[in-house]
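Asker: generate coordinates for the sequence data below:
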Amino acid sequence: MAQDAATYRHLKIIAGADSFGAAVKDAAVAHLRSLGVDVEDLGTDKYYSVAEEIGRRISSAAGTGTGTATASPTATQTLGLVACGTGVGVSIFANKFPGVFAATCLSPGDALNARSINNSNVLALSGMSTSPETAIEILNTWLNTPFKSPCPASDSKPWPSEIESFLDQSVPEMSQIGSGGSGSLQESSLCGLCDLAKGREFAAINLMPGGHMKIVRETPTSAIVRFKAGSVEPAHHHTFGHDLVVMKGRKKVWNLSKGESWELEVGDFLFTPAGDKHRVKYLEDTEFFIKWDGRWDLLLDEDLDAANAALEKESL
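Answerer: I've put the predicted structure just below:
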C-alpha cells in the first residue's frame with residue numbers, strides 16, 4: 001500500500017514482542033520505518049514485560065489526540081504494536097491500563113473492525129498464526145482505517161447516525177474503566193473538593209507485612225500509610241509516579257532502577273517516577289502521606305525473602 005511519507009510524520013509507534021512474536025514484530029518495524037514512521041522498538045522480552053511497558057506508555061499518551069494515524073495535522077499520535085505467539089496474551093496485559101484499546105488482529109478484516117468500531121490504539125499480532133507478509137497487510141489496514149469508517153461489521157457501508165453516536169460515546173466511557181471510582185460511570189465523582197473522606201479505616205497491605213494504608217482520595221490517589229519498625233517493602237514498581245512526605249519516623253529507600261538510595265526523616269519529600277523499581281526498609285515506626293499521579297497499584301519485582309537477603313548482603 002503506497003503512502004506519502006508525510007502521511008505519517010506525526011505518528012509514533014512503540015513496538016515490542018516476546019520470542020514467539022519477534023519475527024512478525026521485526027517485519028512490521030522494518031515496514032513502518034520504510035514508511036517514515038517514528039518507531040521506538042523495545043526489542044524482545046517476556047510477553048508480559050513488553051505488554052506492560054507498552055500499555056503503560058500508551059495509557060500515558062491516551063487523550064492527546066483522536067487515536068487515528070492521520071487525524072491530527074499537528075499533534076503526534078502515539079500508538080502501540082505488540083506481538084507474541086497468539087497475540088492474545090500481550091493484548092490482555094496491555095489492556096490492563098486505562099485508555100488502552102489493544103486488539104488482536106489475525107486478518108485485515110479484524111484490523112478494519114478494531115479501528116472502525118473500537119478506535120484501537122494498540123495492534124496485537126500473532127507470531128504463530130500470521131506470516132510476516134500477512135502481518136504487514138494487517139498493519140497497513142490498521143494504520144489507514146479511521147475510527148467509524150465502513151468495515152466488515154457495517155457490511156462495508158457507512159454507519160447509521162445512531163451507531164456513530166453510540167461509538168462516539170463508547171470511547172470516553174471505555175477510557176474511564178479501570179481508572180478508579182465506584183458505581184456507574186455517571187455516578188463517579190470528578191471533584192475532589194466534593195468528596196470529604198470521613199470514617200475511612202486503615203487496611204492491611206497484604207503484599208507488605210507490617211504495612212497499613214488509608215486511601216483518602218482515588219484517581220489521582222492520595223493515602224496515609226503506616227509501617228512498623230523493621231518492616232521491608234520488597235522491590236516493586238507502580239504504573240504511575242508518586243510523591244511522599246514523611247510525617248513520623250524514619251525509612252530508607254533504594255531506587256534500584258537508578259542505583260540510588262536515601263534515608264528519609266520527618267518532613268522529607270521524595271518523588272519516585274513511574275516504573276522505577278524501589279525497595280524500602282523502615283528503621284522506626286513510620287507514617288507518611290503519599291500521592292500517586294493516577295490510580296494506586298503495586299507490582300512486585302521480588303518476594304520478601306529475596307528482599308531480606310539483599311538487605312542482609314548489603315549490611316555485611
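Asker: okay, now the domains of the protein?
Answerer: 5-176, 192-315 (automatic domain parsing).
Asker: ok, Ser257 touching Thr272?
Answerer: No: the criterion here is C-beta atoms under 8 Å, and Ser257 misses it with Thr272 at 9.2 Å. Any C-beta I mention is one placed from the backbone N, CA and C, and that applies to glycine too.
Asker: name the residues contacting each of these two.
Answerer: Taking C-beta atoms under 8 Å, 6 or more residues apart in numbering as the criterion, Ser257 and Thr272 both touch His278.
Asker: of these two, who's got more company?
Answerer: Thr272 (21 against 15; other C-beta atoms under 10 Å).
Asker: show me what contacts the more buried one?
Answerer: Taking C-beta under 8 Å, 6+ apart as the test, what Thr272 contacts is His238, Gly241, His242, Leu244, Val253, Asn255, His278.
Asker: kindly report the same for Ile117.
Answerer: Counting by C-beta under 8 Å, 6+ apart, Ile117 makes contact with Cys151, Ala153, Leu167.
Asker: helix, strand or coil: sort out it for me.
Answerer: Look at Ile117: counting by DSSP: H, G, I helix; E, B strand; the rest coil, its state is helix.
Asker: out of the contacts of Ile117, who's the most crowded?
Answerer: In terms of neighbours by other C-beta under 10 Å, the contacts of Ile117 top out with Cys151 at 21 neighbours.
Asker: got the end-to-end distance for stretch 293-306?
Answerer: Its first and final residues considered, stretch 293-306 spans 29 Å by C-alpha to C-alpha, to the nearest Å.
Asker: sorry, slip of the keys, the one I care about is stretch 140-148.
Answerer: The straight-line separation of the ends of stretch 140-148 (C-alpha to C-alpha) is 17 Å.
Asker: off-centre distance for that stretch?
Answerer: Computed by C-alpha atoms, centre = their mean, to the nearest Å, the chain-centroid distance of stretch 140-148 equals 22 Å.
Asker: and stretch 205-220, by the same measure?
Answerer: Its chain's C-alpha centre and that of stretch 205-220 lie 20 Å apart, by C-alpha atoms, centre = their mean.
Asker: which parts of it are buried?
Answerer: Ile205, Met208, Gly210, Gly211, His212, Met213, Ile215, Val216, Glu218, Thr219, Pro220 (16 or more other C-beta atoms under 10 Å).
Asker: again, but for stretch 152-172
Answerer: Residues Ser154, Trp159, Leu167 are the ones in stretch 152-172 that count as buried (16+ other C-beta under 10 Å).
Asker: can you list those residues in JSON lines and add pLDDT?
Answerer: Conversion of those to JSON lines gives the following (pLDDT from 0 to 100):
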{"residue": "Ser154", "pLDDT": "78"}
{"residue": "Trp159", "pLDDT": "80"}
{"residue": "Leu167", "pLDDT": "77"}
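Asker: turn those into TSV, columns for distance to Cys84.
Answerer: Converted to TSV, those look like this (distance: C-beta to C-beta, whole Å):
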residue	distance to Cys84
Ser154	30
Trp159	32
Leu167	28
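Asker: narrow those to those in strands?
Answerer: Assigned to strands by DSSP state E, none of the buried residues of stretch 152-172 qualify.
Asker: just the closest of the residues you listed to Thr286, please.
Answerer: Using C-beta to C-beta, Leu167 is the member of the buried residues of stretch 152-172 that lies nearest Thr286, at 49.4 Å.
Asker: from what I see, the closest one and Pro146 are in contact.
Answerer: No: the pair Leu167 / Pro146 is not scored as a contact, 11.6 Å apart, by C-beta under 8 Å.
Asker: so where's the chain shaky on pLDDT?
Answerer: Counting by pLDDT under 70, the ranges of the chain that qualify are 1-7, 63-75, 171-199, 316.
Asker: Glu263: neighbouring residues, count only.
Answerer: 11.
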